[in-house]
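K.L.:
predicted model, plus sequence, below.
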Amino acid sequence: MSESRPRKRGREGKDEILDGDLIAHATAAAALDARVSAFASYQEALDDGFVADLQKQLMAVFRMGVKLESWLNTYTPPLASGGNVGVSGEVQDGVYAHIHGLSAGCSEAGAALHRMLGYEKEYAVQRTKCTDERTWQRFRGTLEANMLHDLGKTTLQMHADLLNVANSISNNLSHLRTAASEESKLAAMY
């Protein structure tokens with residue numbers, strides 16, 4: 001019996017993801033990381049469009065991470081089955097952990113996008129609540145410094161996670177295996 005269509009489709013898209021998207025996103029993250037150090041303030045980064053570029057990249061990397069998770073689950077054993085076939089299962093689990101860390105770091109679970117929103121909200125709330133201008137200026141400086149620091153932290157972490165995933169996949173791809181036939185998949189899981 002031939003391989004199921006969803007599994008086959010998942011593996012056919014791997015070249016596009018691994019050789020195209022992963023490299024493109026790592027390159028884009030490196031460029032963002034280089035750009036962020038040039039800004040003297042968060043407002044400067046916001047006015048330059050850097051914040052929007054970073055948010056767009058985080059969302060794109062998250063989507064790619066989910067695609068990679070789906071692709072990895074096309075190998076035997078699927079992690080959802082709870083199966084473990086020696087090297088393949090352990091390798092798959094380790095690679096999956098790296099990919100999921102990338103996805104989680106870019107999404108609400110990792111809070112990169114939520115931290116950005118939280119800082120913006122805190123800025124707006126405190127600006128309207130602070131009636132003493134000296135107090136506001138002191139708070140504003142600290143808040144903006146933290147906002148700028150978070151941009152740098154987020155770009156650096158995203159770039160590092162992308163390289164980690166690329167290395168993990170590159171070093172372990174040969175250890176992943178597929179079931180020889182549809183009938184042997186269930187048996188191979190256990």
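P.N.:
Happy to help now that I have it.

K.L.:
excluding sequence neighbours, find me the nearest residue to M64.
P.N.:
The shortest distance from M64 to any residue other than its chain neighbours is 4.9 Å, reached at D21 (Cβ to Cβ, 6 or more residues apart in numbering). For every residue, glycine as well, the C-beta is placed using N, CA and C.

K.L.:
got phi/psi on the one you found?
P.N.:
phi -60, psi -50 (degrees, to the nearest 10).

K.L.:
now do it against N73, distance only.
P.N.:
Counting by Cβ to Cβ, to the nearest Å, the separation of D21 from N73 is 17 Å.

K.L.:
please name the nearest non-neighbouring residue to E144.
P.N.:
Counting by Cβ to Cβ, 6+ apart, the nearest residue to E144 once its immediate chain neighbours are dropped is Y42, at 4.7 Å.

K.L.:
ok, the one you found to F50 distance?
P.N.:
With the distance defined as Cβ to Cβ, Y42 ends up 9 Å from F50.

K.L.:
okay, and the common contacts of the two?
P.N.:
L151 (Cβ atoms under 8 Å, 6 or more residues apart in numbering).

K.L.:
ok, those two, which is more surrounded?
P.N.:
Residue environment comparison for Y42 versus F50 gives the larger neighbour count to Y42, 22 against 19, counting by other Cβ atoms under 10 Å.

K.L.:
wait, isn't the more buried one in contact with L151?
P.N.:
Yes: assessed by Cβ atoms under 8 Å, Y42 is found in contact with L151 at 7.0 Å.

K.L.:
spit out the residues that contact those two alike.
P.N.:
Between them, Y42 and L151 share the contacting residues V51, judged by Cβ under 8 Å, 6+ apart.
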